[in-house]
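Engineer: Below are the sequence and a predicted model; questions follow.
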Amino acid sequence: MPTYKIRGIDVDFPYEAYDCQLVYMEKVIESLQNKCNALLESPTGTGKTLCLLCATLAWRKSLGGFSTGKSERNSQSVVGTPSSQSSGSSLPTIVYTSRTHSQLRQVIQELKTSSYRPKMVILGSREQLCIHEEVRTLRGKAQSNACRFLCRKSAKRQCAHFSQTSAYVKQNPHLGDEPVDIEDLLKIGQQFGPCPYYISRELSKVVDILFAPYNYLIDPSYRKSLGIDWDSSVLIFDEAHNLEGICADAASFDLPAGLLTACISEAQSCIDLSITRRDTSSDKSQNPENYAILKGFNPAALLLKLEKGIADVPIESSELGFTRPGPYIYELLANLNLTHDTATKLIDIIEEAAVLLEEDKQQKSQGTVCRLESIADILKLIFKDKNNAHATFYRIMGNKLHTLLVFCNVGKAPRTLSWWCFNPGIAMEEFSKRGVGSIILTSGTLSPMESFAQELRLNFPVRLENPHVISSNQIWAGVVGVGPSGHSFNSSYRNRDSVEYKRELGNAIVNFARIVPDGLLVFFPSYYVLDKSIECWKSVLLQDNTSSTTIWERISRYKKPVIEPRQSSLFPSAIQDYMAKLKDTSSSGAVFFAVCRGKVSEGLDFADQTGRAVIITGVPFPMRTDPKVRLKREFLDQQAASSRDNNKILTGEGWYGQQASRAVNQAVGRVIRHRHDYGAIIFCDERFSNANQQSQISLWIRPHLKCHSRFGDVIFTLSRFFRDGVFSSSTMLKSTEKVTQMSQQVEKVQTMPTDEKAAKISSMLPFLQDKSFSDSSKLKEILPANCASLNPPKNNHDFILKYSKGLISKEKPVLVLGGTSTQREKQEMVNLIGGSSGRVIPSGEGLLPCSAKKRKVSKGELSEDIKQKFIDEKRESNKFAPQERVISDYRTQQHSSSPGFPQMGKTDVHASKSNAAHSNSLHTGDKETKGSEFLSQVKEKLTAPEYAEFVSFMKALKSKAMTIGHVLQSIINLFRGPERAQLLERFRDFVPSKYRSLYEQYVGAKDQLPYNQT
């Protein structure tokens, strides 16, 4: 397992780390060492979670050993554990949170792949962990209250599982030394009897790292129950792109009239219960007068008066409602005689009432929720600060409820009173008050970062926007400003309802459905636009009405459609339907029509065939008329107006636009999910051509984004991308890995004694002759996106031989940069594909992209410029720069005899074909000396695995397995970093002049990335 020294910390990593992974781990450790906050974005597929775990645990281990073998925080270590672990009580606790338990399950799997074994536990809810026969059937607060009641010492019925927990944890001090998940805790409880829920709570007091959903930290009541020593602790929020919204929601409340009605009913029940107990059992512990205050049979009635106060709020219109500044809530409650002092007493009475009601429900075997507790939570939120300073970040909203229920105020529509927080930082500032050392927020989509930081009101000195680990030929990203008929794409309010726009968008999707293989995701700004578009496509025929086929039917001809449902309960079946249609061989895949901010765009993994392209049909701005959006914009504008430094304050309009951009980034992140994946990102709205709009797109997409003024260009380049992408992103990358492995084995052979070397080479021959090592064996299985049959095109056999042919020497080559051939100690060659060599494709001859024949196209599908594209395809293909191709015109003279280019074990292919063992003379003089010196410098600066990778890239180029553009990018990645800057500069001299501008373009793009900034 490789070990990397990062900022003085030895980090064990289970794999050879990419540069972006090393940069990410460096930023994590920088944040931890400096006890500051970090905001880290790294695309899905870059190993973000594993990097985060390894870097954090390596830093924690450097402070002292883990607390393994302990059952109590201050207990002595068990026999066999290092003595340094006895100081565990003074070491910081790491709290690792994510959005859901399913995401945490994946995190724990990553922990298992690492070498680190801290004491750990994962927290779950009673709903997930309870094994009590009766309580586990309940849900929500009813379940929590029932559990608490059975765990009380004074309870007549006690939970047998709870009573065993403490002893079991003490008897098993190694519990949590190995990674455990929710399922593991359940198995312990089911087999041995202790309560899994309280096992996790007991272990949380002594662990090095604690895993939990992040609402456990944000919700004040949850946070209080954890019992964590917050001083110098580390808080990690993974998948934190929704954190600001969750923080704001946790600090807000909605009080509908129906809730008050239920509370009044519960108050009456408490009065009746306390009177019955006093009369029948002489139990005077409950005072009926206390609960009478709640219900209120006198002028001082609280709940009734509050309900009446909400009902009397003047609401002029349902759109604007009743709005007031946040502090108005205290004026409203003062009329009920509710202040800080009286609110505390009322909260105590409510908590007593909740216990009384729960005891009665247990006796009657009922499990309903106590609504009075909601009132207590609201009062705690309102009166949490003595000076009420937090109220300035709130707004009051009163509005009518659209419901069929009838409440006590006859003749008036039911109301709801909301107290909305517009400063998410209120929840986060609690951690600063408790002395937390570092807060690390990370996700694949945090951009735009500046607004994210401003919203949380935290200082983030450490920031990172990481690139992806994929190559440029694995992504197609483009802005499509016009459709097949030349009409512009713009889904703004004034255009989205026009039939012309919807028809144009539908015809474009027909073309994309035909070109994109397998799964296609189409995201709309809202459900309204989605519904109206599909409604139009099902009814509108071709523009000239020459065909009876609708747009929807033409889409379905190529891909079977699935529509994201509005109801959450129907979503799992929609996903199953999509997966089933992907496997249906009667079509070329499936298309999933969804909305930004919907369930499809959040956290789902559409890797490989499940998502080959994503289409964004518009900019998903929040609804302007939504009361919360309107008040949020007003709040931010007021904050900006009162601030002296307006440049650094987020305005309402700025927030509005960045909410749309963040939703776009989240949606496009569904595709290209790992290193070997590939896909297309298509922005079908001309507004994405705007420089400001593009600046808010995730950094890893921006270098690949191109704006297209003609739809024909889009179809042509996209067709070629998917035709060639099959090779470049699956078979080619796998072959490159094998080349790397082979190079490493060859390196080892060179160090062997002469008598062992021959035997080792013989043992390697089966691997060298394995046909799976050649991409040619898989070529026939690949169907281009717009190919009508599986029959290989003309000259395909020759193309295969040219594409897959590669030679490797059994003896160590003597490498010379700048020459046209390579001198070898022994000119004995092994054919990697084990087949006979075929003819060499002459210069200018290659595989025709798609079909060179003119094809029939229905009006409205492809414009005239597309037809011309396909007619002139072969001629046009020669005009494209080499970096744009994956498998294209690999001319022998370009790659086998480029003067001045570094030569890596190259053999003259023409000479090989004619069996003429001729070797060109080596370049001598300055070029030879210069090349040798450079190679020595490369070997000195790179690690052994990196040098082997450098060699493999060059060999892959000579064997026609990679384009020169891909090779240049890969080598630039190897030469990144301040200490290797000289290699980048010197390598420029060995790049052929016709590719030098391309090389400089790639170097310039890398220089703009954060990890190259000093």
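Structural biologist: Noted; the coordinates are in hand.
Engineer: what distance separates stretch 980-988 from the centre of its chain?
Structural biologist: Computed by Cα atoms, centre = their mean, to the nearest Å, the chain-centroid distance of stretch 980-988 equals 34 Å.
Engineer: Could you pull up the residues touching the residue nearest to residue 497 when sequence neighbours are not counted?
Structural biologist: Counting by Cβ to Cβ, 6 or more residues apart in numbering, residue 497 lies nearest to residue 532, which is 6.7 Å off, once chain neighbours are set aside. All C-beta atoms are positioned from the backbone trio N, CA, C, and that covers glycine. Residues near residue 532 by Cβ atoms under 8 Å, 6 or more residues apart in numbering: 496-497, 502.
Engineer: Quick check: the residue positioned nearest the centre of the chain vs residue 955, distance?
Structural biologist: Central residue of the chain (Cα atoms, centre = their mean): residue 444, 4.0 Å from the mean position. Plainly put, residue 444 is 33 Å away from residue 955 if you go by Cβ to Cβ, to the nearest Å.
Engineer: residues contacting the residue nearest to residue 686 when sequence neighbours are not counted?
Structural biologist: In space, and not counting its chain neighbours, residue 686 is closest to residue 481: 3.9 Å by Cβ to Cβ, 6+ apart. Residue 481 sits next to 488-489, 685-686, 689, 707-709 when contact means Cβ under 8 Å, 6+ apart.
Engineer: Throw those into CSV and include pLDDT and neighbour count, thanks.
Structural biologist: Shown next, in CSV, are the contacts of residue 481 (pLDDT from 0 to 100; neighbours: other Cβ atoms under 10 Å):
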residue, pLDDT, neighbour count
488, 93, 13
489, 95, 23
685, 95, 24
686, 95, 18
689, 94, 16
707, 95, 14
708, 95, 20
709, 92, 13
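Engineer: Of those residues, which is the nearest to residue 229?
Structural biologist: Residue 229 has its nearest neighbour among the contacts of residue 481 in residue 685, at 50.4 Å by Cβ to Cβ.
Engineer: right, and that closest one touches residue 617 too?
Structural biologist: Yes - between residue 685 and residue 617 there is a contact under Cβ atoms under 8 Å: 6.8 Å.
Engineer: now for the strand or helix carrying residue 694, which elements pack on it?
Structural biologist: Residue 694 is part of helix 691-695 when elements are defined by DSSP states H and E. Based on contacts counted as 3 or more Cβ pairs under 8 Å, 6 or more residues apart in numbering; DSSP states H and E, there is no element that helix 691-695 packs against.
Engineer: Residue 991 reaches residue 999, doesn't it?
Structural biologist: Yes - the criterion here is Cβ under 8 Å, and residue 991 meets it with residue 999 at 4.7 Å.
Engineer: Give the residues shared as contacts by these two.
Structural biologist: residue 968.
Engineer: Let me know how buried the closest residue to residue 699 other than its chain neighbours is, in neighbour terms.
Structural biologist: What sits nearest to residue 699 in space, not counting adjacent residues and going by Cβ to Cβ, 6+ apart, is residue 465, at 4.1 Å. Using other Cβ atoms under 10 Å, residue 465 has 20 other residues around it.
Engineer: I figured residue 465 hits residue 41, correct?
Structural biologist: Yes - between residue 465 and residue 41 there is a contact under Cβ under 8 Å: 4.9 Å.
Engineer: and residue 491, which of the three is it?
Structural biologist: Taking DSSP: H, G, I helix; E, B strand; the rest coil as the rule, one finds residue 491 in the coil state.
Engineer: From residue 686, how far off is it?
Structural biologist: 10 Å.
Engineer: cool, and residue 463?
Structural biologist: Remark: distance between residue 463 and residue 686 (Cβ to Cβ) = 31 Å.
Engineer: Please apply the same query to residue 236.
Structural biologist: Residue 236 is 40 Å from residue 686, by Cβ to Cβ.
Engineer: Output the below-cut-off pLDDT ranges for the stretch 601-750 of the chain.
Structural biologist: In the predicted model, the stretch 601-750 of the chain carries pLDDT under 70 at residues 645-647, 725-750.
Engineer: Which stretches in it count as helices?
Structural biologist: 627-642, 652-668, 691-695, 711-726, 732-750 (DSSP state H, counting those that start in this stretch).
Engineer: tell me the most buried of the ones you listed?
Structural biologist: When the helices of the stretch 601-750 of the chain are scored by mean count of other Cβ atoms under 10 Å, the highest mean neighbour count falls to helix 711-726 (a mean of 23).
Engineer: What mean pLDDT does stretch 43-58 get?
Structural biologist: In this model, stretch 43-58 has a mean pLDDT of 94.
Engineer: so who does residue 357 touch?
Structural biologist: Counting by Cβ under 8 Å, 6+ apart, residue 357 makes contact with 266, 269-270, 273, 370, 372.
Engineer: Just the buried residues out of these, in ChimeraX syntax.
Structural biologist: Selecting only the buried entries of the contacts of residue 357 in ChimeraX, with 16 or more other Cβ atoms under 10 Å as the criterion:
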select :266,269,270,273,370,372
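Engineer: and residue 226, how many neighbours?
Structural biologist: The number of residues packed around residue 226, counting by other Cβ under 10 Å, is 17.
Engineer: That one is in contact with residue 216, isn't it?
Structural biologist: Yes - the pair residue 226 / residue 216 is scored as a contact, 6.9 Å apart, by Cβ under 8 Å.
Engineer: Quick check: neighbours shared by these two?
Structural biologist: residue 123.
Engineer: Specify the local secondary structure of residue 495.
Structural biologist: Using three-state DSSP, the structure places residue 495 in coil.
Engineer: Kindly provide the distance from the nearest residue to it once chain neighbours are set aside to residue 46.
Structural biologist: Setting aside the residues directly before and after it, residue 495 is nearest to residue 501 in space (Cβ to Cβ, 6+ apart), at 5.0 Å. Look at residue 501 and residue 46: by Cβ to Cβ, they are 37 Å apart.
Engineer: again with residue 457
Structural biologist: 28 Å.
Engineer: coming back round to it: just give the number of residues close to the nearest residue to the residue nearest to the centre of the chain once chain neighbours are set aside.
Structural biologist: Excluding its sequence neighbours, the residue lying closest to residue 444 (Cβ to Cβ, 6+ apart) is residue 44, at 4.3 Å. By other Cβ under 10 Å, 22 other residues sit near residue 44.
Engineer: same question, residue 585
Structural biologist: By the criterion of other Cβ under 10 Å, residue 585 has 5 neighbours.
Engineer: just residue 949 next, same as before
Structural biologist: 22.
Engineer: What is the helix or strand that contains it packed up against?
Structural biologist: Secondary structure from DSSP H and E places residue 949 in helix 944-958. Counting contacts by 3+ Cβ pairs under 8 Å, 6+ apart, helix 944-958 packs against helix 732-750, helix 892-896, helix 926-941, helix 964-974.
Engineer: chain center to that helix: distance?
Structural biologist: With Cα atoms, centre = their mean, you get 31 Å for helix 944-958.
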